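**Q** next come a sequence and a model predicted from it.
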Amino acid sequence: KEFEKKVINYFISEIKKGKTPNPCIICNEKVKFQKLLEIAKKLKAPYIATGHYARVKFNKKEKIYQLLRGKDKKKDQSYYLCFLNQKILKHTIFPLGNLKKEEVKKLAEEFGIKDFFKKESQDLCFVARKSLPYFIEKFIGKKPGKIINEKGEVLGEHKGLHFYTLGQRKKLKIPGGPFYVIGFDRKRNLLIVSKNKKDLYKKEIFVSPFHFISKKPPRKKIEILCKTRYKQLLKRAILFPPKKGKIKIVFKSSIPA
């Protein structure tokens, strides 16, 4: 019930608003780690440990716990843990943080853990990617509208803006492609596409919700390294102080979608 309320309902609500939600981040913060800490407290265990590829470090000077990327940059999962707070980090251990996946596989072999070698899943735990359109249709339904290009020419029909995300290329069913989703006109229920990949590139984004692990939002603009997707390389950017519940990030060079 708690998972449904805090994660699945959030997921549906964000899709209804036309956003691309990340339920794993919300689950880690509001369900998974909270529950593990509750159980640990009952057992009088001072720490919980998970198999995430990430690291925790206590900064003695600042007197705060820092969340660091895992040693294996290809498998780093700090991205999914970015909403964890000081209380959680204080009681959490990531034993795989200083190991690479290959090293972990060798250890698993030594320990005789055969289940470790099953195929890795990229799916959400409550719905497989292939089933996602059916899930969205069941909970939100269809709301058909026109697909237009950047000149306003009608190219086809969509079944509802909530079925699409920025940068999407597949399932558009428009002849003469490939086309990419570059925007949405929510008032007129229009899906905007382009053949030109350059139309996906932007320098500025507004982010909400946000969470500062140090609990200290910057008072003036600062230089940061940033990424907007899990496997993306870090890019240089400027982060501006929070304003009206959002933070503005301006990249040095344009990034897609």
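**A** Received, thanks.
**Q** buried residues in the helix or strand of the chain with the lowest mean pLDDT?
**A** Of all helical and strand segments in the chain, the minimum by mean pLDDT, DSSP states H and E falls on helix 132-139, at a mean of 87. The neighbour-count check on helix 132-139 (16 or more other C-beta atoms under 10 Å) flags 135-136 as buried. From N, CA and C alone the C-beta is placed, and that goes for glycine too.
**Q** off-centre distance for it?
**A** Distance of helix 132-139 from the chain centroid (C-alpha atoms, centre = their mean, to the nearest Å) equals 20 Å.
**Q** next SSE downstream of that helix?
**A** Remark: after helix 132-139, the chain's next helix or strand is strand 145-149, criterion DSSP states H and E.
**Q** other SSEs contacting that following strand?
**A** With contacts taken as 3 or more C-beta pairs under 8 Å, 6 or more residues apart in numbering; DSSP states H and E, strand 145-149 sits against strand 154-158, strand 190-194.
**Q** can you tell me what sits against the lengthiest strand in the chain?
**A** Determined from DSSP state E, the single longest strand within the chain is strand 247-256. The contact list for strand 247-256 (C-beta atoms under 8 Å, 6 or more residues apart in numbering) reads 167, 197, 200-208, 210, 217, 224, 226, 228, 232, 235-241.
**Q** please pick the buried ones from those.
**A** Neighbour-count burial within the contacts of strand 247-256 applies to 200, 226, 235, 237, 239; the criterion is 16+ other C-beta under 10 Å.
**Q** so which of those are in strands?
**A** Among those, the residues falling in strands (DSSP E) are 226, 235, 237, 239.
**Q** in its sheet, what does the longest strand of the chain sit against?
**A** Applying DSSP bridges to the sheet, strand 247-256 is found paired with strand 201-207 (antiparallel), strand 235-239 (antiparallel).
**Q** how about the ones you listed in JSON lines, adding distance to residue 140 and mean pLDDT?
**A** Output for the strands paired with strand 247-256, formatted as JSON lines (distance: least, C-beta to C-beta, whole Å; pLDDT from 0 to 100):
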{"stretch": "strand 201-207", "distance to residue 140": "24", "mean pLDDT": "93"}
{"stretch": "strand 235-239", "distance to residue 140": "33", "mean pLDDT": "97"}
